[in-house]
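Peer 1: I would like to see how this sequence folds:
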Amino acid sequence: MDDPLIIAVRNMAELPDEDKVNIRGKMYSEVHTRVQAFREAFGSRGRIISKVHQADEKRVLTETTISVFLDGHMEGWHVIGNDFAEEYRSSSPVNKTSAVENCLTSSIGRALASLGLTGGNYASFDEVDHAINEKVSIDDAVDEPEEEVVPEEEAPEEEIVVDEGFMKVIAGTLEMQDSHEGLRSWSKENEKILKSLPDEEKEAMREAYRQRAEAIMKNGEDE
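Peer 2: Below you'll find the predicted structure:
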């Protein structure tokens, strides 16, 4: 008798494209599709347990563990899959109120993907859609000025002068980022510099940021 997990993996691999979502030429399965495949394979003998490790005003971190109940000499519950997810409340309007829900969905999808229930690429549609539409980006840093209150007794900050050599350093630090969290930090740290750039250089940095974000996403998918 075939292992039910192998059957579920096979069924997901044979999932038709009309049951997936196409994003930039790549096919992704939604989390509910992965959960359904797991439930069809294991029924009540399968567990999907999620834990919230952190949920404060800035960051949410969740972990999902997949277990199955075995009979015979190995009788009992055994862990067969596990993965994490992370969300920042400032990353999108939805995450301001639903970061925990989004994070749990992502960790469930990733844990099921660790079992081979992908039906395409490792990341789920939900994760990729969130990453592509993430609101915390270089556009926010450049185009949305923040209100600053300067106390009367303090003089305004000096104008930032950015020469060609300094721009190369900034661009180099951008290329060093290897995660979306790193990109967010980079945007915040260089916010004032980015705002001071001429329009042409602003657009060049936007494009470099987008390319780096896509490269990070692609590398994550390939792993």
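
Peer 1: contacting residues for the closest residue to Asp19 other than its chain neighbours?
Peer 2: Leaving aside its sequence neighbours, Asp19 sits nearest to Thr33 (C-beta to C-beta, 6 or more residues apart in numbering; 6.6 Å). For every residue, glycine as well, the C-beta is placed using N, CA and C. By C-beta atoms under 8 Å, 6 or more residues apart in numbering, the residues touching Thr33 are 12, 15, 19-20, 119.

Peer 1: Over to Val94?
Peer 2: Val94 is in contact with Asn102, counting by C-beta under 8 Å, 6+ apart.

Peer 1: circling back to that earlier point, dump the contacts of Thr33 into a markdown table; add neighbour count as well.
Peer 2: Compiled in a markdown table, the contacts of Thr33 are given as follows (neighbours: other C-beta atoms under 10 Å):
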| residue | neighbour count |
| --- | --- |
| Met12 | 24 |
| Leu15 | 18 |
| Asp19 | 12 |
| Lys20 | 18 |
| Gly119 | 24 |
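
Peer 1: what's the closest of those to Ser67?
Peer 2: Met12 (19.1 Å; C-beta to C-beta).

Peer 1: what's the domain layout of the protein?
Peer 2: As assigned by automatic domain parsing, the chain contains the domains 4-135, 138-144+161-217.

Peer 1: State the mean pLDDT of the shortest one.
Peer 2: Averaging pLDDT along domain 138-144+161-217 gives 71.

Peer 1: Next: the longest one.
Peer 2: For domain 4-135, mean pLDDT rounds to 85.

Peer 1: Give me the buried positions along stretch 39-50.
Peer 2: Neighbour counts over stretch 39-50 (16 or more other C-beta atoms under 10 Å) mark 41-42, 46, 48, 50 as buried.

Peer 1: Send me stretch 3-18 as CSV with only the CA atoms.
Peer 2: Only the C-alpha atoms of stretch 3-18 are listed here, as CSV (Å, rounded to 0.1, in the frame of the first residue of the first chain):
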residue,chain,number,x,y,z
ASP,A,3,2.3,5.9,1.7
PRO,A,4,-0.6,8.4,1.9
LEU,A,5,2.0,11.3,1.9
ILE,A,6,3.4,10.0,-1.4
ILE,A,7,-0.1,9.9,-2.9
ALA,A,8,-0.8,13.5,-1.7
VAL,A,9,2.5,14.7,-3.2
ARG,A,10,1.7,13.0,-6.5
ASN,A,11,-1.7,14.5,-6.5
MET,A,12,-0.3,18.0,-5.9
ALA,A,13,2.3,17.5,-8.6
GLU,A,14,-0.5,16.6,-11.0
LEU,A,15,-2.6,19.6,-10.0
PRO,A,16,-3.8,21.4,-13.3
ASP,A,17,-2.7,24.9,-13.9
GLU,A,18,-6.3,26.2,-13.7
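
Peer 1: Having no further points to raise, I will conclude here.
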